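K.L.:
The sequence isn't on hand, but the structure is:
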């Protein structure tokens with residue numbers, strides 16, 4: 001084996017070891033976070049502040065994104081269905097597309113863009129300015145005070161945001177279909193309600209919970225493990241959003257396989 005080939009194999013091995021080590025640290029961080037959920041003390045003020053930030057303040061961007069996505073989806077499905085003489089499938093496909101896939105994924109990515117970056121920047125700044133060290137000095141566990149309330153808020157707000165996104169997305173498709181494409185409103189609503197099943201709604205809520213957990217966990221993890229200085233804060237913010245987006249899409253695939261592959 002040539003020296004160049006040895007260098008390539010060595011580099012690939014180092015890359016794999018680094019990736020496995022990073023995954024292991026992330027899993028241990030997640031387990032440590034979950035271990036604090038049922039153990040006192042409970043910082044309710046921090047939790048409700050995080051819930052306001054993750055849930056309520058995310059509603060405008062989630063609602064607008066879902067509305068325009070549902071409207072565009074209705075137009076695309078009508079255009080594609082017309083090629084096969086089946087334009088009447090618009091309500092069914094809009095409903096299943098929003099509830100099973102687009103609603104949860106859009107919510108996850110919007111939370112990653114808005115909340116993950118905010119949490120990572122906030123915690124990285126706290127680390128740079130030694131506020132986290134001050135918490136430890138005051139016998140306050142950063143995992144308990146900073147991480148657990150935010151992750152718990154993501155777990156609780158995720159399904160609610162997904163439910164809102166699903167409803168608004170279907171409503172956007174309804175508006176376009178009835179006002180532009182000539183669908184009967186009552187028939188459209190009836191077809192939507194008859195086509196969706198409890199499994200579709202359950203999978204959507206489960207994805208929302210998982211994506212909210214991933215988005216907030218990534219913000220906390222990269223924020224607490226950021227480098228020093230302004231450059232470290234920027235790097236942590238960028239890495240947290242990238243990791244959250246990739247993990248959300250990967251988790252979406254896995255959850256879809258679990259729920260809809262028999």
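P.N.:
It's in. Predicted model only: the values in this text are computed from it and were never measured. Residues are numbered from 1 along each chain as shown.
K.L.:
What's the first helix or strand after the helix or strand where residue 7 lies?
P.N.:
Following DSSP states H and E, one finds residue 7 within helix 3-35. Going down the chain from helix 3-35, the next helix or strand is helix 44-54, by DSSP H and E.
K.L.:
What residues sit buried inside that next one?
P.N.:
For helix 44-54, the neighbour count (16 or more other CB atoms under 10 Å) marks 46-47, 50-51, 53-54 as buried. The way it works is simple: take the backbone N, C-alpha and C, and place the C-beta from them, glycine included.
K.L.:
helix or strand right after that helix?
P.N.:
Under the assignment DSSP H and E, the closest C-terminal helix or strand after helix 44-54 is helix 59-83.
K.L.:
Just the buried positions in that following helix, please.
P.N.:
Buried, per 16+ other CB under 10 Å, within helix 59-83: 62-63, 65-67, 69-71, 73-74, 77-78.
K.L.:
avg pLDDT for it?
P.N.:
If you average the pLDDT over helix 59-83, you get 88.
K.L.:
outside of it, which residues touch it?
P.N.:
Applying CB atoms under 8 Å, 6 or more residues apart in numbering, the external contacts of helix 59-83 come out as 87-90, 93-94, 97-98, 102-103, 106-107, 110, 114, 161, 164-166, 168-177, 180-181.
K.L.:
let's see 6 Å
P.N.:
Contact partners of helix 59-83, identified using CB atoms under 6 Å, 6 or more residues apart in numbering, comprise 87, 89-90, 93-94, 97-98, 102, 106-107, 110, 161, 165, 168-170, 172-173, 176-177, 181.
K.L.:
buried subset of those residues?
P.N.:
87, 90, 93-94, 97-98, 102, 106-107, 110, 161, 165, 168-170, 172-173, 176-177, 181.
K.L.:
distance of residue 63 from residue 166?
P.N.:
11 Å (CB to CB, to the nearest Å).
K.L.:
ah, wrong one, I meant residue 8
P.N.:
47 Å.
K.L.:
same check, this time on residue 218
P.N.:
Shown here: residue 218 relative to residue 166, a distance of 24 Å by CB to CB.
K.L.:
cool, and residue 242?
P.N.:
26 Å.
K.L.:
and those two? which has more neighbours close in?
P.N.:
residue 166 (27 against 14; other CB atoms under 10 Å).
K.L.:
residues contacting residue 32?
P.N.:
residue 143.
K.L.:
what sits against residue 189?
P.N.:
Residue 189 neighbours (CB under 6 Å, 6+ apart): none.
K.L.:
Report pLDDT for it.
P.N.:
So residue 189 comes in at 88 (pLDDT).
K.L.:
Could you do the one 10 residues further on as well?
P.N.:
Looking at residue 199, its pLDDT stands at 88.
K.L.:
Which helix or strand contains it?
P.N.:
For residue 199, the host element (DSSP H and E) is helix 198-224.
K.L.:
With residue 109 instead?
P.N.:
helix 103-111.
K.L.:
Off-centre distance for that helix?
P.N.:
5 Å (CA atoms, centre = their mean, to the nearest Å).
K.L.:
which residues touch it?
P.N.:
61-62, 65, 161-162, 165-166, 169, 204, 207-208, 211, 215, 248, 252.
K.L.:
Quick check: of the residues you listed, which lies closest to residue 124?
P.N.:
residue 215 (16.2 Å; CB to CB).
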